[in-house]
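[1] Prediction below, plus the sequence it came from.
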Amino acid sequence: MNARTARVITLGLAGACGFMALVGAFAWMGAGRGYGWLPETEAPPVTGVGRIDTDAVVMPPDSEFAEVRQRPIFNEDRKPTPIIDEPTTDAAPPVPLNITLTGIVLTPDVKLVMVRDNAKNEGVSLRVGMPLPGEQQGWILTEIRARSVVFKNPQDETSEVELEVAPGLTVPPSPRPPPAAAVAPPVPAPPDGNAPAAVPGQPPPDRAAELQRRIEERRREMREQAEKLREQQEQVK
């Protein structure tokens, strides 16, 4: 800070001090003593139109409004509006479940089922908590079992659908250890000595091959659907 700037600041402070000293001198001499607050007085009561009525409003008895109900002022003919009771519509009956369970996928990562809408002949994949499409959307998949699924509708009705098995193919039961005294039944000898004899309870060789081919195709379709669903889940994430 140079000397000129210091001189200007000093003069400014000196001028401010002088002004404040002058104001203090005027106050000491009695300047401003004639001013004060007005005395507190109650406001005059409001009368006339602006008066606020503090009394509670009491409605007249209902009998005095009988003429108003008999001749409404908002109707052109001044006749009361007739009351029409709207017919009560009963709730629509639940749509019956009409599907076929065609496949079940149970893996640690994916749990889904493939069903076919018998009315539209369309297939769809579902997970637990998903509803059926179309008219049967009231049915929601609630449980997936090893060979069946359970659906539930808004009326708390449940329906279990078994897995569809190809014609001629039986579902093998759970394996059990054979008893100690079990003896294998004798296999009948082939009649001509060349062709193998048909075992009771099993389909012919050509039919068994056809069933095996269908099973392999169905398994391949189920794997493809599971892979597509996994890719969709990864894209959403």
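    Structure received. Treat the numbers as computed from the prediction; the structure is a model and nothing was measured. Residues are numbered from 1 along each chain as shown.

[2] where do the strands sit along the chain?
    In order along the chain, the chain carries the following strands (DSSP state E): 99-106, 111-117, 122-126, 140-144, 148-152, 158-162.

[3] Tell me which of those sits most buried.
    Taking mean count of other CB atoms under 10 Å as the contact definition, the stretch among the strands of the chain with the greatest mean neighbour count is strand 111-117, which reaches a mean of 19. C-betas here are computed from N, CA, C, even on glycine.

[4] got a list of contacts for that one?
    Under the criterion CB atoms under 8 Å, 6 or more residues apart in numbering, residues 98-105, 122-128, 132-134, 136, 141, 144, 149, 161, 221-222, 225-226, 229 lie in contact with strand 111-117.

[5] which stretches of this structure aren't confidently modelled?
    By pLDDT under 70, the weakly predicted segments of the chain are 1, 32, 34-35, 43-54, 85-92, 165-205, 236-237.

[6] Select the longest helix from it.
    For the chain, the helix with the greatest residue count under DSSP state H is helix 205-236.

[7] sorry, back to before: is it possible to get TSV of the strands of the chain that adds distance to Met29?
    Compiled in TSV, the strands of the chain are given as follows (distance: least, CB to CB, whole Å):
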stretch	distance to Met29
strand 99-106	104
strand 111-117	99
strand 122-126	99
strand 140-144	95
strand 148-152	98
strand 158-162	102
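
[8] List the contacts of the closest residue to Arg147 other than its chain neighbours.
    Spatial nearest neighbour of Arg147, chain neighbours left out: Leu163 (4.6 Å); criterion: CB to CB, 6 or more residues apart in numbering. Neighbouring residues of Leu163 by CB under 8 Å, 6+ apart: Leu101, Thr102, Gly103, Ile104, Arg147, Ser148, Val171.
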